[in-house]
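>>> I would like to see how this sequence folds:
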Amino acid sequence: EKALQYSATNGLADLVNWLLDLQVSVHSRAKADFDICIGNGSQDVLTKAFEAFLNEGDFLLVDSPAYVGSLAYLKPMGVKFAGKISFQN
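Modelled structure (predicted):
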């Protein structure tokens with residue numbers, strides 16, 4: 001029931017802490033060196049990744065056709081696109 005409610009932006013605190021502890025114990029990382037964000041697969045998580053990794057004027061290699069929701073978000077950011085055409089068999 002708790003997981004179905006709105007929660008903190010980076011995910012349910014108990015789950016985030018469990019994943020942080022898992023990274024520390026399995027991969028020997030220091031907690032201060034990283035953070036975790038959990039999402040439900042919505043466009044919100046996608047836009048957070050764009051904001052974290054891209055700056056105005058950056059080039060981004062995109063598939064053609066590309067997800068129109070991501071393009072609509074990236075264009076106002078000033079990201080430049082380098083298209084790649086995929087051929088499916």
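
>>> And for the helix or strand bottoming out on mean pLDDT in the chain, what's in contact with it?
In the chain, the helix or strand scored least confidently by mean pLDDT, DSSP states H and E is strand 80-85, which has a mean of 80. Contacts to strand 80-85, defined as Cβ atoms under 8 Å, 6 or more residues apart in numbering, come from residues Gly57, Asp58, Phe59, Leu60, Leu61, Val62, Asp63, Ser64, Ala66, Leu71, Leu74. C-betas here are computed from N, CA, C, even on glycine.

>>> Would you mind writing the CA trace of it as CSV?
Coordinates of the C-alpha atoms in strand 80-85 are reproduced here as CSV (Å, rounded to 0.1, in the frame of the first residue of the first chain):
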residue,chain,number,x,y,z
LYS,A,80,21.5,19.4,-30.5
PHE,A,81,20.5,16.1,-32.1
ALA,A,82,22.7,13.8,-34.2
GLY,A,83,20.3,11.3,-35.8
LYS,A,84,20.9,7.7,-36.4
ILE,A,85,18.5,5.6,-38.6
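
>>> Next, the buried residues of that strand.
Residues of strand 80-85 classed as buried: none (neighbour count, 16 or more other Cβ atoms under 10 Å).

>>> partners of it, with directions?
strand 59-64 (parallel) (DSSP bridges).

>>> now the strand it pairs with: mean pLDDT?
Averaged over strand 59-64, pLDDT sits at 88.

>>> Could you do stretch 14-25 as well?
91.

>>> Buried residues, it. List them.
So stretch 14-25, judged by 16+ other Cβ under 10 Å, has buried residues Val16, Gln23.

>>> Who wins on neighbours among the contacts of strand 80-85?
Leu74 (20 neighbours; other Cβ atoms under 10 Å).

>>> pretty sure Leu71 is touching Val62, no?
Yes. The criterion here is Cβ atoms under 8 Å, and Leu71 meets it with Val62 at 7.5 Å.

>>> Tell me which residue lies nearest the centroid of the chain.
Ala49 (3.4 Å; Cα atoms, centre = their mean).
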